[in-house]
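Peer 1: Mind folding the following:
(chains A and B, ligands or ions: 1)
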Amino acid sequence: MSPAVLESKAAYDIIKERFGDAVSEFDANPTMPFFEVLDASRWVDIALYMRDNSLLQFNYLACLSGMDYPEEEKLGIVCNLECIGKYTHKLAVKVKCQRDGGSIPSVSCVWHTANWHEREAYDMYGMVFEDHPDLRRILCPEDWTGYPLRKDYKVQETYHGIKVPY
Amino acid sequence: MGLLDAKVSNRNVLVTSVDNVMNWARLSSLWPMGFGLACCAIEMMATNASNYDLERFGIFPRSSPRQSDLMIVAGTVTMKMAERVVTLYEQMPEPRYVLSMGSCSNCGGPYWDHGYHVLKGVDRVIPVDVYVPGCPPRPEALIGGLMKIQELIRMEGLGISREEALKKLAEKSVDAQQVLDQTRKAAIA
Ligand code: SF4
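Peer 2: Residues are numbered from 1 along each chain as shown, chains lettered A, B, ... in the order given. Next up, the predicted model:
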């Protein structure tokens, strides 16, 4: 493992010790080491712990992207977390939910950046973020049909009487 | 035929038709609606900048649809924006002209296949008089398009509708390949 991954591993170990089976094993890939939150209901606790623990201080949510896993019947998010200031460790966290009608707890109260990012993920993939203060579409028009970045997305024929496909 | 080609007698009397004067006035002070949608708009701004000097044609962007007579649709029209573009168009007084600038606005551009969010051609919502191809078109191309609009205005008149003027313009069309060949030959010579 490179020094950077070792740093992330050290951070992960602290989280694993606190949350045990709620988080998966560590994936030591050199591009972006990550772990998965297996018990999505504890996601906000984990997020708060990662932000506030003095040895972790993941105070910067660099990105939050949506994912579609049709073969697993799931949707998910990937959060890229970093520490600005004291440490240089980085970790990505994955959280998944059911593809149909699934929901993920919102972390917009933990990192304010998550607010718009979660709206975007909702707009593109259609998962609901529980307790999000303002969960509306952000890129597509509000009355758009379907979720464009799902792998089985089919574009609608017309929008307000305007033909959509070429 | 320009106004200066009209007969001027030796007593400084200008004899011409009302049509001619009206059209000359309209085409010499075109006010495009000042809005841009995507990267093409940068090229449109460059065209309006001092080194291309559009004001020599009397063309200067106007920030209100109520006083604009030309709409330059510069760039990607998303489905969300399409209805706003229509609103702006409807707020413009007649006679009004539309110039569609760039592949996106002409036909969806790079998004024509997979872009679920892009209007595949602004002519799906408003009528277009002149299309300028390119991604993005250079300022020279836009100026060429603007001059086409001016030609169109010159051909319109009492009893001559827009359709007839467009037909007349089409008769005068030049083969693009021929122009390219000529330019190349001239460049080599
Ligand atoms: S035609 Fe090309 S340059 Fe113009 S808006 Fe589309 S992508 Fe941008």
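Peer 1: Need the nearest residue in space to residue A:74, chain neighbours excluded.
Peer 2: Nearest residue to residue A:74, sequence neighbours excluded (CB to CB, 6 or more residues apart in numbering or on different chains): residue A:96, at 4.6 Å. From N, CA and C alone the C-beta is placed, and that goes for glycine too.
Peer 1: Around chain B, which positions in chain A sit nearby?
Peer 2: Within chain A, the positions near chain B by CB under 8 Å from any CB of the partner chain are A:139-141, A:144, A:148, A:153, A:155, A:159-160, A:162-166.
Peer 1: By neighbour count, which of the residues you listed wins?
Peer 2: residue A:159 (21 neighbours; other CB atoms under 10 Å in any protein chain shown).
Peer 1: Look up the residues forming beta bridges with the residue nearest to residue A:74.
Peer 2: residue A:76 (DSSP bridges).
Peer 1: number of nearby residues for it?
Peer 2: For residue A:96, which is what you asked about, the neighbour count (other CB under 10 Å) is 20.
Peer 1: Thought residue A:43 was touching it, still the case?
Peer 2: No. Counting by CB atoms under 8 Å, residue A:43 is not a contact partner of residue A:96; they are 10.3 Å apart.
Peer 1: Residues that sit against both of those two, list them.
Peer 2: Applying CB atoms under 8 Å, 6 or more residues apart in numbering or on different chains, one finds that residue A:96 and residue A:43 are jointly contacted by residue A:104.
Peer 1: how much space is there between the residue nearest to residue A:119 when sequence neighbours are not counted and residue A:166?
Peer 2: Excluding its sequence neighbours, the residue lying closest to residue A:119 (CB to CB, 6+ apart) is residue A:138, at 4.2 Å. Per CB to CB, to the nearest Å, residue A:138 is found 25 Å from residue A:166.
Peer 1: Run through the helices of chain A in chain order.
Peer 2: With DSSP state H as the criterion, chain A has helices at A:3-19, A:43-52, A:114-125.
Peer 1: sorry, that was for chain B
Peer 2: So, for chain B - with DSSP H - the helices run B:18-27, B:39-48, B:79-91, B:103-107, B:139-155, B:162-171, B:176-188.
Peer 1: so how far is the third one off the chain centroid?
Peer 2: In other words, helix B:79-91. Distance of helix B:79-91 from the chain centroid (CA atoms, centre = their mean, to the nearest Å) equals 18 Å.
Peer 1: Show me what that helix is in contact with.
Peer 2: So helix B:79-91 is contacted by A:140-141, A:144, A:159-160, A:162, A:164, B:33, B:35, B:37, B:65-66, B:71, B:73, B:77, B:96, B:98, B:117-119, B:122, B:124-126 (CB under 8 Å, 6+ apart).
Peer 1: These, buried ones only, as a PyMOL selection?
Peer 2: Of these, the buried ones can be selected in PyMOL as follows, counting by 16 or more other CB atoms under 10 Å in any protein chain shown:
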select buried, (chain A and resi 140+141+144+159+164) or (chain B and resi 33+35+37+65+71+73+77+96+98+117+118+119+122+125+126)
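Peer 1: who's in contact with residue 92?
Peer 2: Since no chain was named, I'll use chain A. So residue A:92 contacts A:32-34, A:78-81 (CB under 8 Å, 6+ apart).
Peer 1: think we crossed wires, I meant chain B
Peer 2: Contacts of residue B:92 by CB under 8 Å, 6+ apart are B:33, B:65-66, B:68-69, B:71.
Peer 1: Same list, those residues, but as a markdown table with distance to residue B:16 and pLDDT please.
Peer 2: As requested, these are exported to a markdown table (distance: CB to CB, whole Å; pLDDT from 0 to 100):
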| residue | distance to residue B:16 | pLDDT |
| --- | --- | --- |
| B:33 | 30 | 91 |
| B:65 | 32 | 92 |
| B:66 | 30 | 92 |
| B:68 | 27 | 93 |
| B:69 | 22 | 92 |
| B:71 | 29 | 95 |
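Peer 1: List the ones among the residues you listed that fall in strands.
Peer 2: Residues of those located in strands (DSSP state E): B:33, B:71.
Peer 1: which residues touch the residue nearest to residue A:119?
Peer 2: Here residue A:138 is in contact with A:116, A:119-120, A:123 (CB under 8 Å, 6+ apart).
Peer 1: Turn those into JSON lines, including pLDDT, distance to residue B:157 and neighbour count.
Peer 2: Listed next are the contacts of residue A:138 as JSON lines, based on pLDDT from 0 to 100; distance: CB to CB, whole Å; neighbours: other CB atoms under 10 Å in any protein chain shown:
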{"residue": "A:116", "pLDDT": "95", "distance to residue B:157": "54", "neighbour count": "13"}
{"residue": "A:119", "pLDDT": "95", "distance to residue B:157": "54", "neighbour count": "20"}
{"residue": "A:120", "pLDDT": "95", "distance to residue B:157": "53", "neighbour count": "17"}
{"residue": "A:123", "pLDDT": "94", "distance to residue B:157": "51", "neighbour count": "20"}
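Peer 1: From the residues you listed, pick the one nearest chain B.
Peer 2: residue A:123 (10.9 Å; CB to the nearest CB).
Peer 1: what's the burial count for the spatially closest residue to the closest one that is not a sequence neighbour?
Peer 2: Spatial nearest neighbour of residue A:123, chain neighbours left out: residue A:137 (4.4 Å); criterion: CB to CB, 6+ apart. By the criterion of other CB under 10 Å, residue A:137 has 16 neighbours.
Peer 1: swap in residue B:163?
Peer 2: Neighbours around residue B:163, by other CB under 10 Å: 8.
Peer 1: next one: residue B:19
Peer 2: Quick note: residue B:19 (other CB under 10 Å) scores 14 neighbours.
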